[in-house]
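> when you get a sec, could you give me coordinates for this:
(chains A and B)
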Amino acid sequence: MGQIQIELFEYALLINHDEGLTVIFPEYDHVLMIQEDSGKMTPVARGANLEICGPGGAHLAPAKPNATADYRTFVVDLEAAEATAMTVPADLIDPAKPVDRNEINGRLFLKGGTITGKECSIATNRKPFKFKGGPFFVTDTAVFTLDVPHGEEFVLSVNGQPKLKLPAGSVTRIMNTDALGGTPKSFEELDEFIELCQVVGHEGKAPKVGDGIYPMGLEVVCLNAQITTSRKGRATTKE
Amino acid sequence: MPVVTHPYADRRAATWGLQATNVVRSPPSPWTGRGIRIAILDTGVDLAHPQLAARVAAARSFASGCPVQDVIGHGTHCAGIAAGLEDTRQRRYGIACNAEVYVGRVFDDSGGTTIADVIAGMDWALSNGCNVISMSFGTFDASPAAEFEAAGRRALDAGCLVVAAAGNNRSRVVVQPANAESILAVGAVDNRLEVARFSAGSIARGGGAAVDLMAPGVDVYSTAPPGTYASRDGTSMAAAHVAGIAALWAEAEGLRGWALWQRLVGSARPLPSTSGDHLASLVTAP
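Take a look at the predicted model:
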């Protein structure tokens, strides 16, 4: 048994549901790229559906990924951050329903495996931000790990077509970055959070950096966030 | 100052910031900060960096459990601007290239610090006879802190100028510690000499303290760990420019403390009318 890793880097909304994990990559001046294990970078066409598949592009069985404690710690929960329940539109997690290409760069459908969060890649942002619902960490990096049976080669498919082989031991980064010419972002307020909330139709409030003394080099974070929903699209109450 | 029709650009010989502030000029300046001690209170420094390794006269960490070695990169970048020299292609990015560098690490590995650790770093710099203290950090608090005001005053009385980043915030207010009257507040301009979109300025929304000087703070090239180079933005980078240039003035005219402050501000050039801040001036080297 080997493992493959998919690193979800920068701007993304991770929707947890009973049949898997659907990752939404909002546009908002970001560009979606695939970085192969070799380092090769490939842009993804707007509005694409990406999926981790078995050999030959076979769909994996629906399964909810195991979420680690670090996932809950570092990948901010929209509902907790906003201190309110939200409704996830069912179409967002339905691969048969297209998304608005002007608003969403793409979606990634994950099943089974384990999802975890890592500390923010920008060290100076490794402290709680002040959200409406309280202080929470933010990060730009979540990692999905999937066991691969010996001798089998999984693939990353794009719009139903196998696009990239994922050999055991490989680490593939799917990045939704604003490093390629996006509009300037605020340093002390994470405006991008507002747009993440709007993905699920909620008017959010930008969190501010917490109290403290900060190096005044300008390092904004394109954050990940998560929300949990039932398969029918109704947000669930957290434990 | 006339409108900048052609933006400054990094050239083979020097970064745009060193051109704009007259550090690199023709004929070449004789001033290199020799005999001047600059303290960099920050995230530490890459002690193995080929451009900085031999430049550090003393180093001490005030961040509990953290060695001086910089794992964040911010301090290494600022130290390079203030007191580095040139990269492997002989592009000059550093200002006071013969000054003695005193590295006080005040941030931990997550970029956190306390007022007490910063004050301890300032007092350590004073005890080592530093002439300039560079503090490229701040809070988001526009109300001055008495501790910083007192520490800045102690420094001026001891003949040491304290320079701090004015702050990165959309409301343009000058934040702690730069908003202390005894600490020189530095805002950032870009290569058109326009006030950076993130920088505090002379005209803050809602009033408050004003910047004392502007300096290059956008797309600033300098040292980075491990042993490499990178460009960064921030009023941090602007403050480091002023710290380095203060060392040049200190060497050139023997000025210290408050006299050095007055010379820096008095010799600064008004920003062009397009700067977005007609009250601010650009620091200029001797």
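
> pLDDT weak spots in the stretch 151-286 of chain B?
Across the stretch 151-286 of chain B, the stretches falling below the confidence threshold (pLDDT under 70) are B:203-207.

> give me every residue that touches residue A:81.
A:131, A:132, A:133, A:134, A:136, A:193, A:204, A:207, A:225 (C-beta atoms under 8 Å, 6 or more residues apart in numbering or on different chains). Yep, even glycine has a C-beta here, placed from its N, CA and C like the rest.

> helix or strand: which one has it?
Taking DSSP states H and E as the definition, residue A:81 sits inside helix A:78-82.

> please state the offset of the helix or strand just after that helix from the chain centre?
Proceeding N to C from helix A:78-82, the next assigned helix or strand is strand A:104-110, under DSSP H and E. In terms of C-alpha atoms, centre = their mean, to the nearest Å, the centre of strand A:104-110 is found 9 Å from the chain centre.

> for strand A:104-110, name the packing helices and strands.
Packing contacts for strand A:104-110, counted by 3 or more C-beta pairs under 8 Å, 6 or more residues apart in numbering or on different chains; DSSP states H and E, involve strand A:2-10, strand A:20-26, strand A:31-35, strand A:48-53, strand A:171-177.

> make it 6 Å
Here strand A:104-110 is seen to pack against strand A:20-26, strand A:48-53 when contacts are counted using 3 or more C-beta pairs under 6 Å, 6 or more residues apart in numbering or on different chains; DSSP states H and E.

> what is the neighbour count of residue A:103?
The number of residues packed around residue A:103, counting by other C-beta atoms under 10 Å in any protein chain shown, is 15.

> spell out which parts of chain A neighbour chain B.
For chain A, the contact set with chain B under C-beta under 6 Å from any C-beta of the partner chain comprises A:123, A:124, A:126, A:184, A:186, A:187, A:188, A:213, A:215, A:216, A:217, A:218.

> with just CA atoms, put stretch A:142-149 into CSV.
This file holds the C-alpha atoms of stretch A:142-149, laid out as CSV (Å, rounded to 0.1, in the frame of the first residue of the first chain):
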residue,chain,number,x,y,z
ALA,A,142,-4.7,21.7,3.6
VAL,A,143,-3.5,18.2,2.6
PHE,A,144,-5.5,15.3,1.4
THR,A,145,-3.9,11.9,1.7
LEU,A,146,-5.2,8.7,0.0
ASP,A,147,-4.0,5.1,0.3
VAL,A,148,-3.3,3.5,-3.0
PRO,A,149,-3.2,-0.3,-3.3
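
> now the nearest residue to residue B:96 once chain neighbours are set aside, what's its secondary structure?
In this structure, residue B:96 finds its nearest non-sequential neighbour in residue B:33, 2.7 Å apart by C-beta to C-beta, 6 or more residues apart in numbering or on different chains. Classification of residue B:33 by DSSP: H, G, I helix; E, B strand; the rest coil places it in coil.

> I figured residue B:33 hits residue B:98, correct?
Yes: with contact defined as C-beta atoms under 6 Å, residue B:33 reaches residue B:98; the gap is 5.3 Å.

> look up how far residue A:123 lies from residue B:226.
Counting by C-beta to C-beta, to the nearest Å, the gap between residue B:226 and residue A:123 amounts to 14 Å.

> wait, what's in contact with residue B:102?
Shown here is residue B:102, whose contacts under the criterion C-beta atoms under 6 Å, 6 or more residues apart in numbering or on different chains are B:37, B:39, B:57, B:58, B:125, B:128, B:130.

> repeat that with 7 Å
B:37, B:38, B:39, B:57, B:58, B:125, B:128, B:130 (C-beta atoms under 7 Å, 6 or more residues apart in numbering or on different chains).

> filter these down to the buried ones.
B:37, B:38, B:39, B:58, B:125, B:130 (16 or more other C-beta atoms under 10 Å in any protein chain shown).

> which pLDDT value goes with the first one?
In this prediction, residue B:37 carries a pLDDT score of 98.

> the residue nearest to residue B:96 and residue B:99 touch, don't they?
Yes: using C-beta atoms under 7 Å, residue B:33 is in contact with residue B:99, at 3.3 Å.

> joint contacts of these two?
If you check residue B:33 and residue B:99 against C-beta under 7 Å, 6+ apart, the residues they both contact are B:83, B:247.

> scan chain A for its longest helix.
The helix spanning the most residues in chain A, taking DSSP state H as the definition, is helix A:192-199.

> helices and strands around the helix or strand of chain A with the lowest mean pLDDT, which ones?
Taking mean pLDDT, DSSP states H and E as the measure, chain A has strand A:208-209 as its least confident helix or strand, at a mean of 86. Judged by 3 or more C-beta pairs under 7 Å, 6 or more residues apart in numbering or on different chains; DSSP states H and E, strand A:208-209 is in contact with strand A:129-131.

> what is the strand it packs on packed up against?
Contacts of strand A:129-131 with other secondary structure elements, assessed using 3+ C-beta pairs under 7 Å, 6+ apart, are made with strand A:208-209.

> who touches the strand it packs on?
Outside strand A:208-209, the residues that reach it (C-beta under 7 Å, 6+ apart) are A:129, A:130, A:188, A:189, B:140.

> neighbours of the third one, just the number please.
In this case it means residue A:188. Residue crowding around residue A:188 was assessed by other C-beta under 10 Å; the count is 19.

> so where's chain A uncertain?
A:181-182, A:231-239.

> center of it, which residue is that?
In chain A, the C-alpha nearest the mean C-alpha coordinate belongs to residue A:12, at 3.6 Å (C-alpha atoms, centre = their mean).
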